[in-house]
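Visitor: Got a sequence here, can you build the structure:
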Amino acid sequence: MWELKEYRFAASAQEAVALMRQGPGTGAYIAGGTDMFLHPAECDFVVDINHAGLSDIARTPAGDLFLGAATTLHNIATNPLVADFAEGMLIEAAAHCGNRPVRSTATIGGNICNALPSADMAPVLLALDATCYIADADSQESLPLVDFFVGPRATVLEDRLLVGLALPAEAGTRRCASYKLTRSAEDISLVHVCVALGIEDGKIETARIALGAVAPVPMRAVLAEAQLVGQSVTEISPDLIADAAAIAAGECEPLDDHRASAEYRRDMVRVLTRRQILRALHDETTITKDSGGTVA
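Guide: Model (predicted):
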């Protein structure tokens, strides 16, 4: 049960930070609050950021995509500015995060700031080289999302505020594929694999393989990525793709829990990484079977 002493409203990001630091006691930011109501924070007050101007979705003239931290997942899933970005991988991820009532309330910032290893949007954003914009009382800084998570339910924020995420235009042209393995459509992921390939002149110039629910934080499989860079799209061999998938499985750090074993999660990383690489290469002829297992 919450035992709040005060509910505060912020009209800007800077005011939100100031209200957070005003005290007394411990505070927490709130927007959608879907996770907070399930797992109430131990705090004396909350700072509501729904009217702080953080819900914009915008494309710059250069084609970069900006997502305000208080943007709901439903708005991301239905916004035409997001539709053609990264072959729709962002829309697909947002549209399959929880049920419709949850998506209508939950925000992209909340999904990231909760810092769960299974956060649905984190692998997609990692695969697209997202940059975080963080507000202090009188300044703002940016850092790559890959440096944002420091542990389960822990980020670099402290009492600062995430105001939004920016995705570079180049990432929007990548060939992308993503798969979230769950027990049911509305459940959190057991394993989440996202692949984004930047291809120029028939070669893979950029490779991103991002994983969720298989390490203390959402992560990139950088060694597996390196296997793909420089490879010709038309000449890349099935063995090389299988090797990259096996390397990704070796990079993750899954845990045993009541939902799945570490062994199962690791094997599914291998299976799903291989399949998503093939899908990103627009080769779906060999993804329905795999000697190491199948995915429903």
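Visitor: tell me which residues in the helix or strand of the chain with the lowest mean pLDDT are buried?
Guide: Scoring the helices and strands of the chain by mean pLDDT, DSSP states H and E places helix 34-38 at the bottom, with a mean of 74. Neighbour-count burial for helix 34-38 flags 34-36 (criterion: 16 or more other Cβ atoms under 10 Å). Where you see a C-beta, it was placed from the backbone N, CA and C, and this is true even at glycine.
Visitor: same thing with stretch 249-269?
Guide: Of all the residues in stretch 249-269, those buried under the rule 16+ other Cβ under 10 Å are 249, 251-252, 254, 259-260, 264-269.
Visitor: State the mean pLDDT of it.
Guide: For stretch 249-269, the mean pLDDT works out to 95.
Visitor: Identify all contacting residues around that stretch.
Guide: 181, 183, 190-191, 193, 211, 213-216, 219, 221-224, 245, 248, 270, 273, 292-293, 295 (Cβ atoms under 8 Å, 6 or more residues apart in numbering).
Visitor: Please list only the buried members of the residues you listed.
Guide: Among those, the ones that count as buried by 16+ other Cβ under 10 Å are 181, 190-191, 193, 211, 213-215, 219, 221, 224, 245, 248, 270, 273.
Visitor: Let me know the helix or strand that Ala196 is in.
Guide: strand 191-200 (DSSP states H and E).
Visitor: Could I get the CA-only coordinates of that strand as CSV?
Guide: Extracted C-alpha coordinates of strand 191-200, given in CSV (Å, rounded to 0.1, in the frame of the first residue of the first chain):
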residue,chain,number,x,y,z
VAL,A,191,13.6,-14.1,-24.4
HIS,A,192,13.6,-11.1,-26.7
VAL,A,193,15.9,-10.8,-29.7
CYS,A,194,16.1,-7.8,-32.0
VAL,A,195,18.3,-7.6,-35.1
ALA,A,196,19.0,-4.4,-37.2
LEU,A,197,21.3,-4.5,-40.1
GLY,A,198,22.6,-1.4,-42.0
ILE,A,199,23.4,-2.5,-45.6
GLU,A,200,25.3,-0.5,-48.2
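Visitor: Now, the contacts of stretch 249-269 that are in helices?
Guide: When DSSP state H defines the helices, the subset of these inside them is 222-224, 245, 248, 270, 273.
Visitor: Distance to Asp120 for these - can I get that in a markdown table?
Guide: What follows is the ones in helices among the contacts of stretch 249-269, written out as a markdown table (distance: Cβ to Cβ, whole Å):
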| residue | distance to Asp120 |
| --- | --- |
| Val222 | 22 |
| Leu223 | 24 |
| Ala224 | 21 |
| Ala245 | 22 |
| Ala248 | 19 |
| Arg270 | 21 |
| Thr273 | 18 |
